[in-house]
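# When you get a sec, could you give me coordinates for this:
(4 chains)
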Protein chains: 2
Amino acid sequence: MTPRGKQTVRDLRRSSRSTLLRHLYFHGPLSRQELGTATGLSAGSVSNVTGELLTDGLIEECGSVESDGGRPRILLRVTPGQAHLVGIDIGETQVRVTLFDLALTELASADQPLLAAHDPERVVRMIASGLDQVLAAAGVPAENVLGIGIGVPGVVEQGTGADPGADVVVHGQTFDWDAVPFGRLLREHTPLPLYVDNGAKTLGQAEMWFGAGRGSRHAVVALFGSGVGACVIADGARFRGASSSAGEWGHTKVHVGGRPCRCGSRGCLEAYVGAEALVERWDGTVPGTSEKAGLAALLRAAEEGRPSAVALLDEAAELLGAAIADLVNLFNPERIVIGGWAGLLLGPRMLPAIDEAATRYALSYPRSRTTITLSDLGPDAVTLGAATLPLTHFLDSGGEMPDHLATVAAL
Amino acid sequence: MTPRGKQTVRDLRRSSRSTLLRHLYFHGPLSRQELGTATGLSAGSVSNVTGELLTDGLIEECGSVESDGGRPRILLRVTPGQAHLVGIDIGETQVRVTLFDLALTELASADQPLLAAHDPERVVRMIASGLDQVLAAAGVPAENVLGIGIGVPGVVEQGTGADPGADVVVHGQTFDWDAVPFGRLLREHTPLPLYVDNGAKTLGQAEMWFGAGRGSRHAVVALFGSGVGACVIADGARFRGASSSAGEWGHTKVHVGGRPCRCGSRGCLEAYVGAEALVERWDGTVPGTSEKAGLAALLRAAEEGRPSAVALLDEAAELLGAAIADLVNLFNPERIVIGGWAGLLLGPRMLPAIDEAATRYALSYPRSRTTITLSDLGPDAVTLGAATLPLTHFLDSGGEMPDHLATVAAL
DNA sequence: CTGCTTACTTCACGCCGAGATTTAACGTCT
DNA sequence: AGACGTTAAATCTCGGCGTGAAGTAAGCAG
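The predicted structure is shown next:
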């Protein structure tokens, strides 16, 4: 029931390269010595493989440390400027393109406003021009880019062929995108490898790599914005399900048959605690108009003690706690991280109540093994998380440089 | 973020053995020729590895097929009697021990009634005596048993050491088992490898191997009995979460703050649609007394058109549909299988309503990629599913025979 | 009996990681 | 200053792996 593909002896080398590269990436500069004990590879193999990685230019020596009495250890690290990554956030109001080096240091960024029209062709052209801008600004040639990670709204249907990124199809309700062949449109503008996922999921990735999820192998990043979403991490990798749409937490039912939701159903979590819903219930604002200001006003009112605002937030905390309890029962994570812009805003006030409600609603065994924390990442994290998509591929493959010419030829 | 362990060249061989063994196991007798094309291994490697498996006695030749004009193909299959498996179901009312051969054909079975007392020591003694009975009845020596799979009620905390089965701790509310060192107790009676999991999960395994879940890589088996549980299969393997308790679906909230549940919380699915809850709501029966008869009576009443019974079942179908919609949204499976004794009883009547409600409550994209079906396995499937636990280990390891003496020495 | 087709086996090859051995690069002691 | 001890890294040998080519086995048709 768990078939593993056949492996040849070459895969062993790739696995070793990947292990060393990944270890160097995450655990800073290390000597060959330390790498050996940390990864379990013999000293000989470490020497051999690191030598290969050095001649490939993927890693470099950076100083040395004395080792009481003996030959000093030479430290190795991943060469930050050897390759670059692009992360793109297609948000509700803008398209943001950011260029990173391998260490995920931001090199250049380009924002373009996205007003009413969400025409796919237009978005793709904005991506292409943003790409040109950041590459020119940083003076990085396109061949040096490992790949482009993109966070889009809606459900992303992953491709399966030789160039999976180009087969991506996006179904986005908020943009009125119905089966948009997003990968194919993009492929007309760039030969670079494409990695597309839902924006909430890329934000979750950033949270796992650099935020509050760091260090856990099983976690759920709950994203609390206009709507509500989640990114489930199981055993260190994003849980996708059969067609990559797993983790649609916002439409979990908290009151079956209750409040109507924009998804067409009733009683969804999002219809009660999404920022859009909260603001509408607070002051009757029409959906879509300045939610952030409205939510801030709600929070101020609650902090001033206005009973209706306090009651609304208390109810939201209760429901969020119950819905988080469902996540705890179903996914049994080590950690739950609450993020998203609304989460950042309301989290400090609501966390104690959410935590307490989750304890009341969840089963005690899994609840006792989970901690609920707030995100500690800014909103720019979507591009960062998007950039981790090609980076993950790079590390998994043991530092394989994509052959852009072949990609172009494969069109 | 997805570290893979180091691999040596020996692991390659194990992987090849596992691939071939597994393919032979699931796809019946095959020639070396067909094995090669199916697994991707070269003809030379297939010959080499099958030769090894043949001398180990794990596989055997069984006839041949003409191949137009040329040398006939020799068919290979896993030797059914080469090793044996034990599956144990610790149910509410009895302990059932069944001995299987490698092909999971039932060889012998022993039932022992479990009345009021669920004392762990007593249960373990019943297992030991049942084990002796089935081995004696079938004339199989204990050294020939690959391992013992056990389905227990409650949350199972898996061990991590060299003998993980012996470190298993069980938290079972229905049996009043609080952190029972079940593995350690069992280890005092038998040196055989132990594999313990929740009974609902082993039932789910059986459903995936031989039931309605066959052939899908992502599925959720929803079990509908006195309580409600689920077994989540992700990418062909059971989804465990951080501490093996993932899939506790019964305590998902369908009405936050609603009906009190036996878990101490409120609004749980189980408090509305569990057989215990249904029967209680139907005729006020005290929990625990003859639920099966009560549920059958409820079904008869509904089929006779009694409005209160019809309304109760309709409401249950609506809630089940909504809760299944949550599963669809969160796990994005290819298939959802409804099983369990109450599911078998009520399923034929309720499935259309459940299916329709799930469509109303779930997001259309994942819903359109999921089918909801009824289980087609009998209640004896728990022991069968339990036996797949050691079998899975056997196939994964490439047909490694456990060294029982070493296990004994490790005490 | 010869030739043909197909299934399987054997073997040389390149590559792998482990582990032992050798070389390199320091500090220190005489 | 030079020999020595110590530790890090590089090199080398070895058994093992899967591949792919060459060789062998086993049937059938003429």
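# On the pLDDT front, check whichever residue of the stretch 301-411 of chain A sits closest to DNA strand D for me.
Going by CB to the nearest atom of the strand, DNA strand D is nearest to A:G399 of the stretch 301-411 of chain A, at 17.1 Å. To be clear about C-beta, it is placed using only N, CA and C from the backbone, and glycine gets the same treatment. A:G399 is assigned 91 on the pLDDT scale.
# now do A:K6
A:K6 is given a pLDDT of 65.
# Have a look at chain A and report the helix or strand with the lowest mean pLDDT.
None of the helices or strands of chain A scores lower by mean pLDDT, DSSP states H and E than helix A:404-409, at a mean of 49.
# before we move on, the earlier item: how many neighbours does the residue of the stretch 301-411 of chain A closest to DNA strand D have?
A:G399: 24 surrounding residues under other CB atoms under 10 Å in any protein chain shown.
# Check the gap between the nearest residue to it once chain neighbours are set aside and A:S364 for me.
Nearest residue to A:G399, sequence neighbours excluded (CB to CB, 6 or more residues apart in numbering or on different chains): A:L58, at 4.4 Å. Here A:L58 is placed at a distance of 48 Å from A:S364 (CB to CB, to the nearest Å).
# More neighbours: which of these two?
Neighbours of A:L58 and A:S364, each counted by other CB under 10 Å, are more numerous for A:L58; the result is 23 against 14.
# returning to what we had before: now for the residue nearest to A:G399: which residues touch it?
By CB atoms under 8 Å, 6 or more residues apart in numbering or on different chains, the contact set of A:L58 is A:L21, A:V78, A:T79, A:Q82, A:G399.
# Within range of DNA strand D, give me the residues from chain A.
With the criterion set to CB under 7 Å from any atom of the strand, chain A comes near DNA strand D through A:6-9, A:31-33, A:43-44, A:47-48, A:50-51, A:67-74.
# rerun at 10 Å
Contact residues (CB under 10 Å from any atom of the strand) of chain A with DNA strand D: A:6-12, A:30-37, A:42-51, A:54, A:61, A:64-76.
# Any part of stretch A:202-216 near chain B?
Yes - under the criterion of CB under 8 Å from any CB of the partner chain, chain B is reached by stretch A:202-216 at A:M208, A:W209, A:S216.
# count of residues packed around A:V310?
Counted with other CB under 10 Å, A:V310 comes out at 14.
# what's the answer for A:S308, then?
Around A:S308 there are 12 residues (other CB under 10 Å).
# Can you tell me the SS state at it?
helix (DSSP: H, G, I helix; E, B strand; the rest coil).
# returning to what we had before: among the residues of chain A next to DNA strand D, which lie within helices?
Of the residues of chain A next to DNA strand D, the ones assigned to helices by DSSP state H are A:9-12, A:32-37, A:43-51, A:54.
# among the residues you listed, which are within reach of DNA strand C?
Contacts with DNA strand C within these, counted by CB under 10 Å from any atom of the strand: A:V9, A:R10, A:D11, A:L12, A:G36, A:A43, A:G44, A:S45, A:V46, A:S47, A:N48, A:V49.
# The fifth one contacts A:V49, doesn't it?
No - A:G36 is beyond contact range of A:V49, at 10.4 Å (criterion: CB atoms under 8 Å).
# just to revisit the earlier point, out of the residues of stretch A:202-216 next to chain B, name the ones that lie in helices.
Among the residues of stretch A:202-216 next to chain B, the members falling in helices (DSSP H) are A:M208, A:W209.
# which among the residues of stretch A:202-216 next to chain B gets closest to DNA strand C?
If you rank those by distance to DNA strand C using CB to the nearest atom of the strand, A:W209 comes first, at 25.9 Å.
# right, and the closest one touches A:T388 too?
Yes - here A:W209 reaches A:T388: they are 5.6 Å apart, a contact under CB under 8 Å.
# where do the helices sit along the stretch 101-250 of chain A?
Secondary structure of the stretch 101-250 of chain A (DSSP state H, counting those that start in this stretch): helices located at A:120-138, A:182-187, A:199-210.
# Stretch A:372-392 - what's its average pLDDT?
92.
# give me the low-pLDDT residue ranges for chain A?
Residue ranges of chain A with pLDDT under 70: A:1-6, A:285-289, A:404-411.
# In it, which residue sits nearest DNA strand D?
A:G70 (2.0 Å).
# I'd like to know how far that residue sits from A:P191.
On the measure of CB to CB, A:G70 and A:P191 end up 49 Å apart.
# Those two: which is more packed in?
Comparing A:G70 with A:P191 by other CB under 10 Å, the one with more neighbours is A:P191, at 20 against 7.
# What parts of chain A come near DNA strand C?
Counting by CB under 10 Å from any atom of the strand, chain A sits next to DNA strand C at A:8-20, A:36, A:39-49, A:52, A:64, A:66-72, A:74, A:398.
# got the contact list for stretch A:307-319?
A:254, A:269, A:272-273, A:278, A:281-282, A:298-299, A:301-302, A:346, A:349-350, A:353-354, A:357, B:256-257.
# Which of the residues you listed fall within helices?
In this view, the contacts of stretch A:307-319 that belong to helices under DSSP H are A:272-273, A:278, A:281-282, A:298-299, A:301-302, A:346, A:349-350, A:353-354, A:357.
# Pull out the buried residues from the residues you listed.
The neighbour-count criterion (16 or more other CB atoms under 10 Å in any protein chain shown) marks A:272-273, A:278, A:281-282, A:298-299, A:301-302, A:346, A:350, A:353-354, A:357 among the ones in helices among the contacts of stretch A:307-319 as buried.
# re the thing from before, from B:Q112, how far out is the residue nearest to A:G399?
Distance of A:L58 to B:Q112, given as CB to CB: 62 Å.
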